[in-house]
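Engineer: here's a sequence, model it:
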Amino acid sequence: MNQYGVAVHGAGWVAAEHVRAFDADPRSRVVTISSRRESSAARVAHMTHHPEAVIETDLSRVLERDDVQILVVCTPHDLHPANTIAAAQAGKHILIEKPAALDTSSLRCMHEEVAKAGVKSVVSFVLRWNPLFDVIKAQQANGALGRVYMTEVDYVHGVGPWYGQYEWCRTLAQGRSSFLNAGCHAIDALRYFTESDVTEVSAYTVAGSDRFEYPGTAVMICKFENGSIGKALSNLDDRAPYKFRISLYGDLGTMLDNRIHSQTVPGQTDYAEIPTILPDSGDVSHHPFRGQASHLLDCIEMDEESHVSLGNSINTHEVCVAADISAAEGRPVSLPLP
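Structural biologist: Numbers count the residues shown, from 1 in each chain. As a prediction, the model looks like this:
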């Protein structure tokens, strides 16, 4: 079996999970781990039992390697565009941590280079591989909800000095906003379950703490191309346990996380609970990175575009930016952005 060589660039909290995810698939092997600080990359190699991994501090040397076919970009958000464009120009397939970029012009440049190079891309909205997402998708597919006319997703994740990446993600330069920094997971879930792009956004923000250089809490409502509506919350100010709440309202049924009530079930008088694994932890070790890594490998082998490719994710990122504009200017914002 041919193995795809993987390079993990960036050595923060999530890097080790990407290493373990590709380790779990026999089609791939981790060749190199890189970071601006050699000690950080070496720490990830030690944590993941990879004494043979080549430790690098220069991405250009990584991209020159013939034994690397995939680059995992898990550097701070503001470095993603340059890293991704360099990888695409070197002919590498790319897995990019979210958010892929902090502004839409960078995102479009990244997409152009990826398309020009003909490489595969996945943006790490990793919750798409959580079992609850599979449960909800299955209920939609079997008609239990009918036509879904409203979807709500709440991302509640208190971030502060106790969080590994807090010092840089709290800043306007590198975190940018509540939705772009983390709540983009909620926006992606809205689009995933609605199966439609957003056309208009209205949003409000509030600083629920003094821990960020931007308002830590944001809420937005939106319209979709298919006529449905949605609501998303991103709350980084909270100090309660992490929650990722999903609600779908259809003309035949309603889902509240893993609880369902459907008119297609005669005699049902209350919500029925479907046992599954909920996305109820902000710890990255709880996130389904293995499914995501295998999905990218599938896309490469079958020459198919991912359902969460860079191109697909443009609307998600534009919604985040539009929400920031709407909150700042007090008006609805139409998509796509100019």
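Engineer: find the centremost residue of this protein, please.
Structural biologist: F125 (2.2 Å; Cα atoms, centre = their mean).
Engineer: can you pull the contacts of that one?
Structural biologist: By Cβ atoms under 8 Å, 6 or more residues apart in numbering, F125 lies in contact with 98, 184-185, 188-189, 192, 308, 313, 316. All C-beta atoms are positioned from the backbone trio N, CA, C, and that covers glycine.
Engineer: out of those residues, which comes closest to D66?
Structural biologist: Nearest to D66 among these, counting by Cβ to Cβ, is V308 at 28.0 Å.
Engineer: mind checking how far the closest one is from C222?
Structural biologist: Distance, V308 to C222, by Cβ to Cβ, to the nearest Å: 19 Å.
Engineer: just say helix, strand or coil for the closest residue to K116 other than its chain neighbours.
Structural biologist: Among residues not flanking K116 along the chain, A88 sits closest, at 7.3 Å (Cβ to Cβ, 6 or more residues apart in numbering). Here A88 is recorded as helix under DSSP: H, G, I helix; E, B strand; the rest coil.
Engineer: ok, A88 - how many residues close by?
Structural biologist: Applying other Cβ atoms under 10 Å, we find 25 residues neighbouring A88.
Engineer: can you check the pLDDT for it?
Structural biologist: A88 carries a pLDDT value of 98.
Engineer: isn't it up against A117?
Structural biologist: Yes: using Cβ atoms under 8 Å, A88 makes contact with A117 at a distance of 4.3 Å.
Engineer: picking that back up, quick one: contacts for the residue nearest to K116?
Structural biologist: Contacts of A88 (Cβ under 8 Å, 6+ apart): 94, 110, 113-114, 116-117, 119.
Engineer: farthest pair within the residues you listed?
Structural biologist: Longest span within the contacts of A88, Cβ to Cβ: I94 and K116, 13.1 Å.
Engineer: who's more crowded, the two?
Structural biologist: The neighbour count for I94 versus K116, taken as other Cβ under 10 Å, is higher for I94 (29 against 10).
Engineer: against which helices or strands is the helix or strand of the chain with the lowest mean pLDDT packed?
Structural biologist: Ranking every helix and strand in the chain by mean pLDDT, DSSP states H and E puts helix 166-169 at the bottom, with a mean of 88. Using 3 or more Cβ pairs under 8 Å, 6 or more residues apart in numbering; DSSP states H and E as the contact test, no helix or strand touches helix 166-169.
Engineer: after that helix, which helix or strand is next?
Structural biologist: Sequence order places helix 178 as the next helix or strand after helix 166-169, per DSSP states H and E.
Engineer: number of residues surrounding D237?
Structural biologist: D237: 21 neighbours (other Cβ under 10 Å).
Engineer: how close does it get to G282?
Structural biologist: 14 Å.
Engineer: give the closest residue to the residue nearest to the centre of the chain in space, chain neighbours not counted.
Structural biologist: D188 (4.1 Å).
Engineer: after the helix or strand hosting the one you found, next one along is what?
Structural biologist: In the assignment (DSSP H and E), D188 maps to helix 184-194. The C-terminal neighbour of helix 184-194 among helices and strands, as given by DSSP H and E, is strand 198-206.
Engineer: which strands or helices does the helix or strand following that next one pack on?
Structural biologist: Next helix or strand after strand 198-206 toward the C-terminus (DSSP H and E): strand 217-224. Applying 3+ Cβ pairs under 8 Å, 6+ apart, one finds that strand 217-224 contacts strand 198-206, strand 229-235, helix 314-329.
Engineer: of all those, which one is nearest L132?
Structural biologist: It is, among those and with distance given as Cβ to Cβ, strand 229-235, at 16.7 Å.
Engineer: what are the contacting residues of that closest one?
Structural biologist: 149-158, 178-179, 182-183, 186-187, 190, 194, 198, 208, 216-224.
Engineer: just want the angle from that strand to strand 217-224.
Structural biologist: 160 degrees (axes from the mean of the first three to the mean of the last three Cα atoms, to 10 degrees).
Engineer: CA-only coordinates of the helix or strand following strand 229-235 in CSV, if you can.
Structural biologist: Per DSSP H and E, strand 229-235 leads on to strand 243-250 as the next helix or strand towards the C-terminus. Output of strand 243-250 as CSV, limited to C-alpha atoms (Å, rounded to 0.1, in the frame of the first residue of the first chain):
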residue,chain,number,x,y,z
LYS,A,243,-22.0,23.3,25.1
PHE,A,244,-22.7,22.9,21.4
ARG,A,245,-26.5,23.0,21.0
ILE,A,246,-28.3,22.1,17.8
SER,A,247,-32.0,22.6,17.0
LEU,A,248,-33.8,21.9,13.8
TYR,A,249,-37.4,22.7,13.2
GLY,A,250,-39.2,21.1,10.3
